[in-house]
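fold the stuff below for me.
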Amino acid sequence: RLAEQMNDAPEKEYEQRNRSVRTTKGAIDPILWLRNQYTNDAGQMICQICKEEMPFRKRDGEYYFEAVEALSRDHFAKEHEAQFLALCPLCAAMYNEFVKHDEGAMESLKNALINSEDAEVPLQLGELDTSVRFVESHFLDIRTIIEAQE
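Numbering: from 1, shown residues only. I've put the predicted structure just below:
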């Protein structure tokens, strides 16, 4: 039956498509900056949302993580490394789904960042009530960037 299905399956086709690609970058690589900010004294890199050690190291020995821009380009018009979050792959996927694709969630996070006195800001990821934890300097930097663009 599988051979029959394969005979009836369409051939793979490809086409060229135009896409928008970011051509600018900040003075400091966000990956290096975040790695320095979120590696603890024990040498473990910690996810800002689940607060767990990143799940694995790459072949070069560095932790694999995703540098996710905290808010969309509508909120961050200029380049700066402090606009990014250091997230494990699972938290990055949830963040992209439940925050980056929801303008209301982004606005809520932005307001929480501006109004919070604490470097741990509440966050809703679908049905999960959690938070984003910042080191103090990162928290102050991202808040300053948001306020400067208001």
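
hey, where'd the helices end up in this structure?
Ranges of helices within the chain are 2-8, 30-37, 89-95, 103-115, 136-149, based on DSSP state H.

do you know how far residue 133 is from residue 60?
26 Å (C-beta to C-beta, to the nearest Å). Backbone N, C-alpha and C define where each C-beta goes, glycine included.

out of the two, which sits in the more crowded spot?
residue 133 (19 against 6; other C-beta atoms under 10 Å).

my read: the more buried one touches residue 120, true?
Yes - taking contacts as C-beta atoms under 8 Å, residue 133 lies within contact range of residue 120: 4.6 Å.

beta partners for the spatially most central residue of the chain?
Nearest to the mean C-alpha position of the chain, by C-alpha atoms, centre = their mean, lies residue 68 at 2.0 Å. Counting by DSSP bridges, residue 68 forms beta bridges with residue 85.

one step back: what's the closest of the helices of the chain to residue 64?
When the helices of the chain are compared by C-beta to C-beta, helix 89-95 sits nearest residue 64, at 7.4 Å.

same question for that closest one: list its buried residues.
Using 16 or more other C-beta atoms under 10 Å as the burial criterion, the residues of helix 89-95 that qualify are 91, 92, 94, 95.

just flag the most distant two among those residues.
Among the buried residues of helix 89-95, 92 and 94 lie farthest apart (C-beta to C-beta), at 7.5 Å.

show the pLDDT at residue 25.
Per-residue pLDDT puts residue 25 at 69.

typed the wrong thing, it's residue 54
For residue 54, pLDDT reads 97.

where are the low-confidence patches of the protein?
21-28, 75-80 (pLDDT under 70).

out of the helices of the chain, which gets nearest to residue 56?
Short answer: helix 89-95, nearest of the helices of the chain by C-beta to C-beta, at 9.2 Å.
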